[in-house]
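Undergrad: Got a sequence here, can you model it:
(one chain, ligands or ions: 1)
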Amino acid sequence: MTRRGRLRPMSDTSFMKSMFHGVISEELIFPYPRMGTEEAENCRLMVDTVRRFLDDKVDAAKIDEDHEIPEEVLEGLKELGLFGLQIPEEHGGLGLSNTAYSRVGEEVAGHDGSVAVTLGAHQSIGLKGILLFGTDAQKEQYLPTLATGEKVAAFALTEPSTGSDAANIKTKAELSEDGEHYILNGSKLWITNGGFADVFTVFARMASEDDNKPRITAFIVEREMGVKNGPPEKKLGICGSSTTSIYLDDVRVPKENVLGEVGRGFKVAMGVLNNGRLGLASGCLGMCKRLIALAIERIGERKAFNKTLGEFGMIKDKIAGMLARTYALESMTYLTCGMMDRGVDDYSLESAICKVYGSETLWWVVNETLQIAAGIGYMKEYPYERMLRDARINLIFEGTNEILRAFIALSGFQGPGNELKEVAKALRDPIKGFGLLRDFATKKVRNAVSQEKMARVHPLLSREAVVLEENVAHLSRHVENTLRKHGRDIMLKQFVQKRVADVSIDLYATAACLSRATQAIEKHGTEGAWRHLEYTRVFVEGARRRLAANVAMFEDNDDELRKATAVRTYADAKYALDLLD
Ligand code: MYA
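TA: Numbering: from 1, shown residues only. Model prediction:
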């Protein structure tokens with residue numbers, strides 16, 4: 001039982017999973033996480049040093065045009081320790097927390113997307129498996145050279161016929177006759193750092209020894225074991241980063257290089273991606289901040305009709321939106337980093353939300369900034385179009401936003417779904433299941449007469465807190481009704497999944513803003529925290545309207561019409577109307 005006597009959900013370490021049960025677990029988001037004084041000071045020093053290096057040495061336009069990062073830039077990044085940010089000091093890295101790593105990542109991505117992606121692919125995902133799942137021997141063997149950048153890492157999951165459906169990879173691993181090696185065969189597609197990485201985290205499917213079921217296993221594979229790569233892909237953006245196919249033809253990998261347990265590679269992949277998605281969110285945040293600075297500079301200097309652009313209402317509207325959305329992104333990103341740093345196990349839903357919200361916020365901010373810049377925004381000699389091209393990939397890689405919306409909704413549905421299953425079982429044997437049925441009935445009665453009330457939000461934000469409270473109640477009622485109506489078929493209901501994911505994203509963003517702004521008011525007073533208050537209010541007002549629209553569509557929507565229209569048009573194979581017909 002909780003503080004107010006409500007039932008705890010089955011999974012009570014994930015703030016978002018609790019929300020699907022109608023519970024706002026304030027203790028998981030209050031107080032808003034803060035770095036200790038010493039860590040903050042070290043991080044500031046690091047950020048200042050990195051910024052100076054980027055300003056002096058990294059020419060983003062040239063990297064984009066030459067399609068490569070100059071060797072001296074890579075060397076400089078290595079000297080600064082930027083290849084080993086999160087690797088523990090005992091293995092030669094800087095041992096940064098997730099929070100500090102993300103803050104440094106912001107700085108890099110704000111300056112250059114190609115450099116950010118190269119560093120991100122190396123450490124957000126390339127070597128992350130070794131950090132999270134490696135044995136002591138594997139860490140000792142690989143981390144020191146990865147920390148200095150002497151060796152570079154890459155993450156090899158995606159295949160020519162398998163992108164989102166990661167469990168369906170075809171690359172094969174077979175145990176050698178002497179039982180000492182696994183022999184890998186297959187190919188991987190769109191591997192960032194593929195052209196020069198030395199150490200790959202490779203996922204392959206194998207026949208498990210005991211039950212003969214095909215299972216995925218993760219391997220640490222060195223280039224020298226026989227990995228080959230294809231030519232560099234020609235891309236829309238992040239042109240200075242290396243993206244290639246890689247080929248594994250009878251690559252012999254010592255059995256000591258299995259990462260995690262044999263047959264448990266899918267869990268390794270998901271664990272790495274859950275963690276890595278935060279790096280992407282902080283990269284998007286860094287780009288948003290840079291774009292806001294560019295937009296504000298532009299509207300101050302450019303005049304039209306005898307006014308600066310900044311004086312026009314339509315421009316003010318864009319700027320307020322950019323600030324509020326970027327604030328929400330920053331608040332959710334560092335709220336989630338804080339959870340990870342204090343050892344919360346399950347942050348999979350929160351990090352997927354940060355990835356989706358981060359990439360879509362960036363896409364909106366970059367588009368609006370280019371619009372404000374107007375003609376020059378479209379021209380190659382200015383940074384806007386490059387930043388627009390660089391930003392676009394974030395909606396696709398590390399899990400497309402569509403598959404992640406499905407993931408957010410379905411993993412949220414899982415807890416209440418299991419609870420309903422347990423209740424159904426208890427109903428079949430009410431004597432044994434009496435306790436569970438009584439708790440469930442108590443919860444139902446409480447939910448019907450009251451909704452969660454937030455106790456820790458600052459009173460100045462009580463209107464905004466009500467938006468969260470009311471919509472959490474709407475979400476959990478909808479989840480239960482939907483599960484009763486569709487059962488397991490919810491897996492197939494993507495219109496429902498999308499709406500539930502969109503509601504979840506707005507709720508997490510609202511919760512993060514409330515927690516952070518409360519802390520700022522408590523620390524700096526109303527005057528000192530005016531930005532937090534205003535950005536929160538602008539964000540939550542927008543969220544309130546989107547939530548109302550989505551909640552209304554829980555019952556009243558045109559899903560069936562849209563499905564039918566799409567399917568009928570597939571038969572036409574094109575837009576089949578023409579004025580001339
Ligand atoms: S790397 C490639 C990225 N690829 C993906 O992200 C793949 C996306 N697909 C998936 O995530 C999964 O396949 C999905 C599940 C989610 C679709 N955490 O039956 P299931 C468990 C923990 O639902 P599926 C790249 O792009 C689940 O509970 N567990 O699975 C590089 C269940 O467990 P159990 C999870 O339907 C880019 C089991 O797995 C998770 O097959 C370079 C099966 O579940 C999870 N998340 O599919 C980036 N999901 O059996 C550089 C599932 O116990 C970045 N499970 O019940 C640099 C950034 C810098 C910024 C740049 C600025 C320019």
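
Undergrad: For Ala548, the count of nearby residues, please.
TA: 14 (other Cβ atoms under 10 Å). (C-beta placed from N, C-alpha, C; glycine too.)

Undergrad: for the protein, which spans come out with low pLDDT?
TA: Counting by pLDDT under 70, the chain has low-confidence residues at 1-12, 208-214, 430, 432, 434, 436-450.

Undergrad: can you do 80?
TA: Counting by pLDDT under 80, the chain shows low-confidence ranges at 1-13, 207-214, 421-451.

Undergrad: Residues of it that sit close to the ligand?
TA: Within the chain, the residues that sit near the ligand (Cβ under 6 Å from any ligand atom) are 109, 113, 116-117, 120-121, 124-125, 155, 157-158, 164-167, 192, 266, 270, 273-274, 279-280, 283, 287, 348, 390, 394, 397-399, 403, 407.

Undergrad: Which ones among those residues map onto helices?
TA: Judged by DSSP state H, helices contain the following of those: 109, 113, 116-117, 120, 266, 270, 273-274, 279-280, 283, 287, 348, 390, 403, 407.

Undergrad: backbone phi and psi for Thr201, please?
TA: When read as degrees, to the nearest 10, the backbone of Thr201 gives phi -90, psi 110.

Undergrad: any idea how far it is from the ligand?
TA: 10 Å (Cβ to the nearest ligand atom, to the nearest Å).

Undergrad: All the strands of the stretch 51-200 of the chain, in order from the start?
TA: Counting by DSSP state E, counting those that start in this stretch, the stretch 51-200 of the chain has these strands, from start to end: 153-156, 172-175, 181-192, 199-207.

Undergrad: can you put these in a markdown table and add distance to Thr308 and mean neighbour count?
TA: Output for those, formatted as a markdown table (distance: least, Cβ to Cβ, whole Å; neighbours: other Cβ atoms under 10 Å):
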| stretch | distance to Thr308 | mean neighbour count |
| --- | --- | --- |
| strand 153-156 | 46 | 29 |
| strand 172-175 | 62 | 18 |
| strand 181-192 | 41 | 21 |
| strand 199-207 | 51 | 25 |
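
Undergrad: could I get those as a markdown table with distance to Arg537?
TA: Converted to a markdown table, the strands of the stretch 51-200 of the chain look like this (distance: least, Cβ to Cβ, whole Å):
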| stretch | distance to Arg537 |
| --- | --- |
| strand 153-156 | 40 |
| strand 172-175 | 54 |
| strand 181-192 | 39 |
| strand 199-207 | 43 |
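
Undergrad: Just to check, Pro416 is in contact with Arg477?
TA: No: under the criterion of Cβ atoms under 8 Å, Pro416 makes no contact with Arg477, lying 10.5 Å away.

Undergrad: out of these two, which sits in the busier spot?
TA: Pro416 (20 against 16).

Undergrad: how about the nearest residue to that one, chain neighbours excluded?
TA: Leaving out its chain neighbours, the residue that sits closest to Pro416 by Cβ to Cβ, 6 or more residues apart in numbering is Val479, at 5.2 Å.

Undergrad: Check which helix or strand the one you found maps to.
TA: Assigned by DSSP states H and E, Val479 falls within helix 462-486.

Undergrad: Domain-wise, how is this protein divided?
TA: Annotated domains of the chain cover 3-19+403-566, 37-148, 153-265, 268-376 [automatic domain parsing].

Undergrad: Can you say which of these is packed in most?
TA: Among those, ranked by average contacts under mean count of other Cβ atoms under 10 Å, first place goes to domain 268-376 (a mean of 21).

Undergrad: What segments of the stretch 351-500 of the chain are helices?
TA: With helices called from DSSP state H, counting those that start in this stretch, the stretch 351-500 of the chain shows them at 384-392, 401-428, 434-449, 462-486, 494-528.

Undergrad: To Ala455, which of those helices lies closest?
TA: For Ala455, the closest of the helices of the stretch 351-500 of the chain is helix 462-486, at 9.5 Å, according to Cβ to Cβ.

Undergrad: Now do Val365 against the ligand, distance only.
TA: Distance of Val365 to the ligand, given as Cβ to the nearest ligand atom: 12 Å.

Undergrad: wait, what's in contact with that residue?
TA: With contact taken as Cβ atoms under 8 Å, 6 or more residues apart in numbering, Val365 is in contact with 287-288, 291-292, 322, 325-326.

Undergrad: Leaving out chain neighbours, which residue sits closest to the residue of the stretch 101-250 of the chain found nearest the ligand?
TA: Of all residues in the stretch 101-250 of the chain, the one sitting closest to the ligand is Gly120 (2.5 Å; Cβ to the nearest ligand atom). Counting by Cβ to Cβ, 6+ apart, the nearest residue to Gly120 once its immediate chain neighbours are dropped is Gly279, at 5.1 Å.

Undergrad: quick one: the one you found and Tyr101 touch, right?
TA: Yes: contact between Gly279 and Tyr101 holds when scored by Cβ under 8 Å: they sit 7.1 Å apart.
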